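**Student:** here is a sequence with its predicted model. Questions after.
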Amino acid sequence: MKGSKLKPEIVSDLSVRILAPEKTILLPGEVGATIEWVVSDTKTGQISQHQPPKRAESFTKAFFQLLYMQMAHLHVRLGTVVRCTDGLDYMVYSTGDFLNSNAALNIDTAGVVVGSGSTPPTISDSALGMKIVHGTGSGQLQYGAVAFGAPASDSTTSQFTVTRNFANASGSSVTVNEIGLYVTQYSHVQYPAHGQYPFTVVCMVLRDVIGGGIAVPNGQTLTVNYRPQAVS
Amino acid sequence: MRTIITLDKYNGRNGKRNLREQFYSRSFTRGFIEMLYVGAAQIGSGAPYELSKDLDSCLQTTIISADTSYNYRQHQHMRVASGGGDSAMVVFANVYSTAIFPIDYHIPSQDLGIMVGNGSTPVSPLDRRLAARIGHGYEAADISPVLKEQYAGVDDTDADISSTSIRWAQAFTPQRDYQVTSVKLKLWRTGSTGTVTVRIRGSHLGGAQVPSGNYADDLGIATIDESAIGTSSPGALVEATFATPVPVHAGHLYWICVETAASAHLFWRYDNSNITNYFGGLNYWNGVTILSAITTSYDSGATYSLSSGSGDNCFIFEVYGQSLGDFEYDGCVLGNLTFSDPNGTFKIRRRFHNLSGGSITVNELGIGAASGYYPNRWNAKLIARDVLGTGVAVANNEILEVTYTPQITV
């Protein structure tokens, strides 16, 4: 990747901050996610902005299709046609990948991703409006590796955490207006065209548009925590 | 995502609906979140995740993918769709290996998908099983405890529990769901054994199934006072009664584990003559399927190992229990995935037909989903449980239809 060849002046702190939830956000009986973000100095860690956990607003059609597909364990010839982040339709089916949110350092095609688009979310959104790509160029952010906090529960709430850092070494402020979660799945075929081999496709399962945006000054790191939750 | 539960009750003769109730589900469990986590984090065999216990309160190690080969591509992680009745659901397929036995990857249909029960204990995120599941079948509730399982074959050998660190255990496999009220064991002793403790533990559904303490919780504990145990061979059946009945599930393998409080000699009589007529201990040992129904621990129950290689053996025992009655379980079907901006829904549905001859009251609902670990640790995991404010009485020949409708709104 182009971004991986750059020598950034500021390197994202990879000891990802997984913050503890402050309270239960969702309704009893609800399954959803909360979103929290922090902007801090990349070198010192001093926090300049903190959005406490709030409801993640928009699970997409793709999330529901993938959940349905997995629970139904659809036959390979009866899979679900999902529109992926490249704007194409693929037939996905139940395999060893399910909502795979892993992404390594510098990878901006999977895991938690951020963008500058501000179009209101719809259930059919298949990609961010305008993804901010990895790098140190103007308007770019450096993507850290996705990290996970293992499941935990209290008397009412079960959750786990998906976290990622985005460091700004671009030389000027970058505003994040949208946050999404990209996951990888397997497909045999591109629909309606045909293929011949299982390959990985990427689907967006969550998209949140941030009113007013998140300004990430040069030399600062944005940390995003998504927490899928079930509340009883 | 919120989920609407719809209960419809029909007359089984004319199809007329005589009840409809709708309410929001209150309780997807930690198990649901854990399954999402295993997928999201792409947990592999290098560091498998330990789910917070399965339907039998056994530790359930799980992965979703181990490598890029097809061997691991057939995991039916989080599968809810299921057939009906006692059909075996294949939840793992390894297209290359022939070393996997059916016992390794089959789950009874009623463990997957929607299930119903009679329990009413409040819900918790850590619920691992329905408090009292009503299983598949056609028999009425038992009015009082009855003999459910036994082995009464040749009584020719003593197993000597000569130390407090020794445990012997006997396997049994219920053919229907019921609640164990007591067990009887053929015992005698020399010296003072102190109080004898009897535990019931479960096991995962695949591989060598033993009740090691590092993953199998006690489902129930009963005791026998040593004064009830005779001191001359070959002894007699002695009863241990569980203060709280222990629910057991059809097709699962359970263990009766016995220990003493003092190091003397407690003898449990068993058949050492290569049994062929007891199938409740059907198990898997060292690459072969065996009938041995006995396992032993020498470290106070921390680890057990199957007593095989010298023949298929079985203790002299009886299990008494009480059934809550049965429903005929239809298949659990998922369908009707629909989107109409800003909403999306699908349905999970199962029908329960009461052909037991008596009325059965449903107080709780749940959903089971498959999880496991290649090659041989498969079991079902409870991912949702709801307790009804008022139980629903399902008369003989009535059909209860339960529908979960998850819905998202942007």
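**Tutor:** Cool, got the structure. What you see is a predicted model, and the numbers here were worked out from it, not measured in a lab.
**Student:** who are the packing partners of the helix or strand hosting residue B:31?
**Tutor:** Counting by DSSP states H and E, the element that carries residue B:31 is helix B:30-40. Secondary-structure packing of helix B:30-40 (3 or more Cβ pairs under 8 Å, 6 or more residues apart in numbering or on different chains; DSSP states H and E): strand A:147-153, strand A:157-167, strand A:220-231, strand B:49-51, strand B:360-373, strand B:377-394. In short, each C-beta sits where N, CA and C put it, glycine included.
**Student:** run the last query once more with 6 Å
**Tutor:** Here helix B:30-40 touches strand A:147-153, strand A:157-167, strand A:220-231, strand B:377-394, going by 3 or more Cβ pairs under 6 Å, 6 or more residues apart in numbering or on different chains; DSSP states H and E.
**Student:** in TSV, list those strands along with distance to residue B:107 and mean pLDDT.
**Tutor:** Formatted as TSV, the helices and strands packed on helix B:30-40 follow (distance: least, Cβ to Cβ, whole Å; pLDDT from 0 to 100):
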stretch	distance to residue B:107	mean pLDDT
strand A:147-153	22	93
strand A:157-167	23	96
strand A:220-231	23	95
strand B:377-394	6	90
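**Student:** between these, which one is closest to residue B:262.
**Tutor:** strand B:377-394 (36.0 Å; Cβ to Cβ).
**Student:** that closest one close to chain A?
**Tutor:** No. Remark: strand B:377-394 sits outside contact range of chain A, by Cβ under 6 Å from any Cβ of the partner chain, the gap being at least 8.4 Å.
**Student:** give me the nearest residue to residue B:36, chain neighbours excluded.
**Tutor:** residue A:228 (5.5 Å; Cβ to Cβ, 6 or more residues apart in numbering or on different chains).
**Student:** just to revisit the earlier point, can you put the helices and strands packed on helix B:30-40 in JSON lines and add distance to residue B:359 and mean neighbour count?
**Tutor:** As requested, those are exported to JSON lines (distance: least, Cβ to Cβ, whole Å; neighbours: other Cβ atoms under 10 Å in any protein chain shown):
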{"stretch": "strand A:147-153", "distance to residue B:359": "36", "mean neighbour count": "19"}
{"stretch": "strand A:157-167", "distance to residue B:359": "35", "mean neighbour count": "25"}
{"stretch": "strand A:220-231", "distance to residue B:359": "33", "mean neighbour count": "25"}
{"stretch": "strand B:377-394", "distance to residue B:359": "5", "mean neighbour count": "22"}
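**Student:** hang on, the earlier thing: what angle do the helix holding residue B:31 and strand B:377-394 make?
**Tutor:** On the basis of axes from the mean of the first three to the mean of the last three Cα atoms, to 10 degrees, helix B:30-40 is oriented at 140 degrees to strand B:377-394.
**Student:** helix B:30-40 vs strand A:147-153, what angle?
**Tutor:** 170 degrees.
**Student:** show the average pLDDT along helix B:30-40.
**Tutor:** Here helix B:30-40 scores 89 as its mean pLDDT.
**Student:** re earlier: so which of the helices and strands packed on helix B:30-40 gets nearest residue B:170?
**Tutor:** Closest among the helices and strands packed on helix B:30-40, once you apply Cβ to Cβ, is strand B:377-394, at 21.0 Å.
**Student:** what is the orientation angle of that closest one with strand B:360-373?
**Tutor:** Computed by the same axes, to 10 degrees, the angle between strand B:377-394 and strand B:360-373 is 170 degrees.
**Student:** show me what strand B:377-394 is packed up against.
**Tutor:** Against strand B:377-394 (3+ Cβ pairs under 6 Å, 6+ apart) you get helix B:30-40, strand B:360-373.
**Student:** can you put these in TSV and add mean neighbour count?
**Tutor:** Listed next are these as TSV, based on neighbours: other Cβ atoms under 10 Å in any protein chain shown:
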stretch	mean neighbour count
helix B:30-40	26
strand B:360-373	25
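**Student:** report how many residues lie close to the residue nearest to residue B:316 when sequence neighbours are not counted.
**Tutor:** The shortest distance from residue B:316 to any non-neighbouring residue, by Cβ to Cβ, 6+ apart, is to residue B:186 (3.8 Å). Residues lying near residue B:186 (other Cβ atoms under 10 Å in any protein chain shown) number 20.
**Student:** residue B:186 contacts residue B:271, correct?
**Tutor:** No. Judged on Cβ atoms under 6 Å, residue B:186 makes no contact with residue B:271 at a distance of 10.5 Å.
**Student:** give me the pLDDT value at residue 23.
**Tutor:** Picked chain A for this. For residue A:23, the pLDDT comes out at 53.
**Student:** wrong one, chain B
**Tutor:** 95.
**Student:** distance check, it against chain A.
**Tutor:** Look at residue B:23 and chain A: by Cβ to the nearest Cβ, to the nearest Å, they are 9 Å apart.
**Student:** and that residue, bridged to which residues?
**Tutor:** residue B:5 (DSSP bridges).
**Student:** check residue B:240 too.
**Tutor:** residue B:183.
**Student:** kindly report the same for residue B:353.
**Tutor:** Going by DSSP bridges, residue B:353 forms beta bridges with residue B:328, residue B:399.
**Student:** show the contacting residues for the residue nearest to residue B:316.
**Tutor:** B:235, B:237, B:269, B:316 (Cβ atoms under 6 Å, 6 or more residues apart in numbering or on different chains).
**Student:** again, but for residue B:314
**Tutor:** Per Cβ under 6 Å, 6+ apart, neighbours of residue B:314: B:151, B:271, B:275, B:278, B:293.
**Student:** tell me the two of these that are most distant?
**Tutor:** B:271 and B:293 (9.4 Å).
**Student:** what's the separation between residue B:362 and chain A?
**Tutor:** 19 Å.
**Student:** so that residue sits right up against residue B:115, yeah?
**Tutor:** No. Contact between residue B:362 and residue B:115 fails when scored by Cβ under 6 Å: they sit 10.2 Å apart.
**Student:** give me the nearest residue to residue B:245, chain neighbours excluded.
**Tutor:** Nearest non-adjacent residue to residue B:245 (Cβ to Cβ, 6+ apart): residue B:179, at 3.6 Å.
**Student:** checking the one you found next. Helix, strand or coil?
**Tutor:** For residue B:179, the assignment made with DSSP: H, G, I helix; E, B strand; the rest coil gives strand.
**Student:** quick revisit: could you dump the helices and strands packed on helix B:30-40 to TSV with distance to residue B:255?
**Tutor:** Listed next are the helices and strands packed on helix B:30-40 as TSV, based on distance: least, Cβ to Cβ, whole Å:
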stretch	distance to residue B:255
strand A:147-153	28
strand A:157-167	29
strand A:220-231	32
strand B:377-394	15
